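Engineer: Need coordinates for the following:
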Amino acid sequence: MAAKAVKSVAKSVGKFQYPWRDKLEKYKGELSKGVWGYWELGAWKPLGMSARERARVRKEVLLAGEDWPYDPERKEMRDKRKGHKCDRIAAEKRANTARLMEQMPKKLAEYRKRKWERKMKEEEDAAKKTMQE
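Structural biologist: Reported below is the predicted structural model:
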């Protein structure tokens, strides 16, 4: 009789400490089919437990230090950000302008050099022309 009482106390303590184990066993087949539900014979079947109950069981399992394998895989992060296109283009233009302004002194020096060379060539051509006359 005493052994039976100890067994029932241990069972009640076990259930009290880990009530999620029974729920996990009960809904194991359902949880493995999907997070929100599943398609069966062309019809959508929701899970046998509500999302609130599922979340509560998940939280209890994770707090107990157990593994929860029923979460869906995470998608990779989006590269393209949301927002207004004009804002994104304006930022790209500002960055491009800053990059070009860094190159500006070099470009101005090249331009002045080309202009000076053109001027020298025109003066030489004019001098040759006047010599030939």
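Engineer: Residue 105: how many residues sit nearby?
Structural biologist: 9 (other Cβ atoms under 10 Å). For every residue, glycine as well, the C-beta is placed using N, CA and C.
Engineer: okay, it: pLDDT?
Structural biologist: pLDDT, residue 105: 96.
Engineer: Helix or strand: which one has it?
Structural biologist: Assessed by DSSP states H and E, residue 105 sits inside helix 85-132.
Engineer: With residue 24 instead?
Structural biologist: Secondary structure (DSSP H and E) places residue 24 in helix 19-26.
Engineer: and the residue nearest the centre of the chain, backbone torsions?
Structural biologist: Nearest to the geometric centre of the chain sits residue 77, at 1.6 Å (Cα atoms, centre = their mean). Here is the backbone geometry of residue 77 (degrees, to the nearest 10): phi -70, psi 150.
Engineer: and the gap between residue 113 and residue 101?
Structural biologist: 20 Å (Cβ to Cβ, to the nearest Å).
Engineer: Phi first, then psi, for residue 43.
Structural biologist: phi -120, psi 140.
Engineer: do you know how far it is from residue 88?
Structural biologist: Applying Cβ to Cβ to residue 43 and residue 88 gives a distance of 43 Å.
Engineer: out of those two, which sits in the busier spot?
Structural biologist: More neighbours surround residue 88 than the other of residue 43 and residue 88, with 13 against 7 (other Cβ under 10 Å).
Engineer: before we move on, the earlier item: run the chain-centre distance for the helix holding residue 24.
Structural biologist: Put simply, helix 19-26 sits 34 Å off its chain's centre (Cα atoms, centre = their mean, to the nearest Å).
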